[in-house]
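In: show me how the following folds:
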Amino acid sequence: MPLCRFNRGTRLAALNRPAIVPISLIFWIFFFFACGGGHHPGIYHEAKPGDTVNKIAEIYNSSPLEIARLNNIKDPAAPLKEDTVLFIPGASHKKETPEKKKKPPTAPKKETTHVPEPVKEKETVKPEPKPHTGLAIGEKRLFIWPYRGDVTSNFGPQPNGMFYNHIRIEGQQSDPVLAAAAGTVIFSASLKDFGETIILKHERGFTTVYAHLGSRSVRVEDKVMQGKKIGTPRPLGKEGKGFIHFEIRENTKPLNPLQFLPPN
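Out: Below is the predicted model:
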């Protein structure tokens, strides 16, 4: 989630005003950087055939106009393309849009026929499948570092009581931002408070989120290979330095990226 950056040089008169903390991004999300906190800033919702912004806003009890504005959609009543990813502000968990109920087919009348009894065979006992216990061997190598630099904000609880769903990486502004794994671009646009943002969909239900970019060089539906340049870092303010916010999610659940990335 986005890193909360406070201006320590604010005039003394501003101290009498309440501090405003920017909302943070979660995949879904996808979605969803360094400003995540105890309050849920929102989630990413993947649209299904027949969905509209109005329909999705209703299940989240949210404003369709606000969702449309944040996601650069002109008409909230227009049908969304399948796999369109929307950022839902203020939502704490993903909800499913209701599907039209189909009437079960009428079962045909059974005719009584004489069926000879089959010869019983010896039953073979199948071993029970082992429960999913986390990453498979080699799965940590599914991802590479999206940007070369140092991790300056870690995933998880912070001393100030906030919770970050991302890591913040600071490096050289001249270095590119790369696709951490091969996948498909499902979101590429500017988001309020998060700047230029890209979301990639990968195999095994994973998504990666790249926020606070300086620029984007891919579009929705682009297929990208691991290591392909997808953008540039955002200037940090220090000479020649840049940064990004990076998330890894599995079925919209945020995970600690450092558990999936190779040693830096």
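In: after the helix or strand of the chain with the lowest mean pLDDT, which helix or strand is next?
Out: When the helices and strands of the chain are scored by mean pLDDT, DSSP states H and E, strand 42-46 comes last with a mean of 78. Once strand 42-46 ends, the next helix or strand along the chain (criterion: DSSP states H and E) is helix 53-60.
In: the inter-axis angle of that following helix versus strand 42-46?
Out: Put simply, helix 53-60 runs at 130 degrees to strand 42-46, going by axes from the mean of the first three to the mean of the last three CA atoms, to 10 degrees.
In: by contact count, what packs against helix 53-60?
Out: helix 64-70, strand 85-89 (3 or more CB pairs under 8 Å, 6 or more residues apart in numbering; DSSP states H and E). From N, CA and C alone the C-beta is placed, and that goes for glycine too.
In: show me what counts as buried in the shortest one.
Out: The neighbour-count criterion (16 or more other CB atoms under 10 Å) identifies 85-89 as the buried residues of strand 85-89.
In: quick one: strands adjacent to that strand?
Out: strand 42-46 (antiparallel) (DSSP bridges).
In: alpha carbons of the partner strand, as PDB, please.
Out: Provided in PDB are the C-alpha atoms of strand 42-46 (Å, rounded to 0.1, in the frame of the first residue of the first chain):
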ATOM      1  CA  GLY A  42     -10.200  -0.800  -0.400                       C
ATOM      2  CA  ILE A  43      -9.800  -3.900  -2.600                       C
ATOM      3  CA  TYR A  44      -9.600  -4.900  -6.200                       C
ATOM      4  CA  HIS A  45     -12.700  -6.600  -7.700                       C
ATOM      5  CA  GLU A  46     -12.600  -8.600 -11.000                       C
END
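In: for the helices and strands packed on helix 53-60, give me CSV that also has mean pLDDT and distance to residue 154.
Out: CSV is the format used below for those (pLDDT from 0 to 100; distance: least, CB to CB, whole Å):
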stretch, mean pLDDT, distance to residue 154
helix 64-70, 84, 27
strand 85-89, 81, 23
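In: which of the buried residues of strand 85-89 lies closest to residue 65?
Out: residue 89 (11.6 Å; CB to CB).
In: surely that closest one and residue 65 touch.
Out: No. Counting by CB atoms under 8 Å, residue 89 sits too far from residue 65 to count as a contact (11.6 Å).
In: residues contacting the closest residue to residue 144 other than its chain neighbours?
Out: Spatial nearest neighbour of residue 144, chain neighbours left out: residue 180 (5.7 Å); criterion: CB to CB, 6 or more residues apart in numbering. Counting by CB atoms under 8 Å, 6 or more residues apart in numbering, residue 180 touches 143-146, 200, 208, 226, 246, 248, 261.
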